[in-house]
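*Asks:* Got a sequence here, can you build the structure:
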Amino acid sequence: MHHRTSKAGRALIKRKQVNSNVTNALAWKPLEDLAVLYSPNHSDTTAQHVRKQIEMVKSLAFQDYSSLLKLTGSHAVEPIRVSEKELENFFTPLIEEFTSNDYKLLVSLAAVHDCGKEALLNSELSRIQSSAEVPMSDHITASELLLRSNPQLLDHFDLSDTDAELVKLLTGKHTDTGRYFFGEAHLATFDSVMELAREQGSRKPLEYSLAHGALDVMSVSKGTFCKPIASSHIKLREVLFDAYESGQDLWAHFNDLASTELLDAEVSNTSLGVPALWRLYKMVGSNKDASFQDTLEIALEEIDQELVSKFDKIMGNRHGTLLGSYLPMAFGSGLYTALVESGDDPTTARKNAITSTVKMIAIAGHYAENELDLENDISLSAREVSLAISKKSAPENYAVNATLLIDSIAQIPNTLNAGVEYLASKENKLSIGEQGGAVELFYTS
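*Replies:* Here you go, the predicted structure:
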């Protein structure tokens, strides 16, 4: 006689399966290698960040938003403090059809998503890499390539071949959500995930990506996750779901949305197309002062137009620069904050942040094209610079002074070695170099 499992029985089975998968993920041996600080926005080690994220998946699986909020931390300012209800409003449309197997995939993704950070820092993970070139400045790509060149790293999680492949893809896309909000990415960065969702006839790949993207931000927030950030995640979810349902092309959709946002913000410039202007607007910080438009016009007029055009070309096409990490913190909003804190007036600080962002991306793009034969999908990072600025371990005016040295494309040296020599003068210690097929901006001693 066949007996149907009761609702309570199914819930108990799911709870046991989730607990088992969480315990298994926490026991992934490479986590032992992830025990160093990496990022300017982390005060935890990578291992601590990953373990917290795994626990967050558990809270989400049980729809325990009280526990999820405690792990995230409450914002100090009450009016913008996120509530349990707001977390529930964001996640419910993503997880309402999730099974225990979906949470198994999500917890596996949480465990492995940052493995490339340690590979870049010469840990045990770096020694098991294959000969596949990993962009040394880009932990996102490094993480995906590490898993693809060493598929045995995923054996621990007992995933199906289809799910293991999806974990690899989403590992390489795990910062797309956060990077979109900072202008490092654009909506079409989600092309591969959207394509897979449409092939499968299911929103699941998008739901995994959005859920994990939010958890990745929340697990480093330490009380900084707030209503505006939550609202941005909700808006992105709605935009991607609408595009999935309508079948609209993401690049076209992005151009429409960006045009509307720039129009509403009264931001415009004839030297830049909509995509590049929107990304610059986000990178320098979208909580602009009232004079932002005037500051933007002055800054771009003073920059050689060939450099502005180079920036527009790199940032303004569907397959333009993929910023590995930390450009806004090094030359955009992070530099602006550092300059204001050091005594600059906000208008001067904003102008210098705009100038530094445009020039450094144009310079890096020039190198990528001339030295690496890359015009699209350029990996570009400034981790060391952003660390130095956030920790006040190097004067932030190095970033400004170094970019002021370059007035035109013709002044950019023809080789990377000459570039290091040119920029790393006695007074200006900012350097540019190539590592593993990527462009890296860094401070020299």
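*Asks:* Any stretches of the stretch 301-445 of the chain with poor pLDDT?
*Replies:* 324, 375-376, 391-431, 434-438, 442-445 (pLDDT under 70).
*Asks:* now the strands: where do they sit in it?
*Replies:* 322-325, 379-381, 430-435, 438-443 (DSSP state E, counting those that start in this stretch).
*Asks:* Kindly export the first one (C-alpha atoms) in PDB.
*Replies:* In other words, strand 322-325. In PDB, the C-alpha atoms belonging to strand 322-325 read as follows (Å, rounded to 0.1, in the frame of the first residue of the first chain):
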ATOM      1  CA  LEU A 322      34.800  43.700 -17.700                       C
ATOM      2  CA  LEU A 323      36.200  45.400 -14.600                       C
ATOM      3  CA  GLY A 324      37.800  42.700 -12.500                       C
ATOM      4  CA  SER A 325      37.300  44.500  -9.200                       C
END
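*Asks:* Tell me the strands beside that strand, with direction?
*Replies:* strand 379-381 (parallel) (DSSP bridges).
*Asks:* what's the distance between Phe157 and Leu145?
*Replies:* To Leu145, Phe157 is 18 Å away according to Cβ to Cβ, to the nearest Å. For glycine as for every other residue, the C-beta is placed from the backbone atoms N, C-alpha and C.
*Asks:* And Thr260, by the same measure?
*Replies:* For Thr260, the distance to Leu145 equals 37 Å [Cβ to Cβ].
*Asks:* Of the two, which one has the most company?
*Replies:* Comparing Thr260 with Leu145 by other Cβ atoms under 10 Å, the one with more neighbours is Leu145, at 23 against 11.
*Asks:* Tell me how this protein divides into domains.
*Replies:* With domains defined by automatic domain parsing, the chain comprises 7-246, 272-443.
*Asks:* and those domains as a markdown table, adding distance to Ala252?
*Replies:* Output for the domains of the chain, formatted as a markdown table (distance: least, Cβ to Cβ, whole Å):
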| stretch | distance to Ala252 |
| --- | --- |
| domain 7-246 | 9 |
| domain 272-443 | 10 |
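*Asks:* right, so of those, which gets closest to Phe254?
*Replies:* Within the domains of the chain, the stretch nearest Phe254 is domain 7-246; the backing value is 3.5 Å (Cβ to Cβ).
*Asks:* deepest of the domains of the chain, which one?
*Replies:* Comparing those by mean neighbour count (mean count of other Cβ atoms under 10 Å), domain 272-443 ranks first with a mean of 20.
*Asks:* Any idea how far apart the tips of stretch 185-193 sit?
*Replies:* Stretch 185-193 has an end-to-end distance of 14 Å (criterion: Cα to Cα, to the nearest Å).
*Asks:* Over to stretch 282-299?
*Replies:* End residues of stretch 282-299 are separated by 16 Å (Cα to Cα).
*Asks:* Check the offset of it from the chain's centre.
*Replies:* Put simply, stretch 282-299 sits 22 Å off its chain's centre (Cα atoms, centre = their mean, to the nearest Å).
*Asks:* can you check stretch 11-20 too?
*Replies:* Per Cα atoms, centre = their mean, the centroid offset for stretch 11-20 relative to its chain is 32 Å.
*Asks:* Spit out the contact partners of Lys85.
*Replies:* Taking Cβ atoms under 8 Å, 6 or more residues apart in numbering, we find Lys85 in contact with Tyr65.
*Asks:* Can you check which of the domains of the chain gets nearest to Asp264?
*Replies:* Comparing the domains of the chain by Cβ to Cβ, domain 272-443 comes nearest, at 11.2 Å.
*Asks:* what about Lys168, which helix or strand?
*Replies:* Using DSSP states H and E, Lys168 maps to helix 161-171.
*Asks:* Identify all contacting residues around that helix.
*Replies:* Under Cβ under 8 Å, 6+ apart, the answer for helix 161-171 is 101, 104-105, 108-109, 112-113, 115, 140, 143-144, 147-148, 151, 154, 157, 159, 192-193, 196, 205, 208-209, 212.
*Asks:* Also stretch 93-100?
*Replies:* 13-14, 17-18, 21, 60-61, 63, 102, 106, 207, 210-211, 237, 241.
*Asks:* Start and end of it, how far apart?
*Replies:* Note: stretch 93-100 ends 17 Å apart using Cα to Cα.
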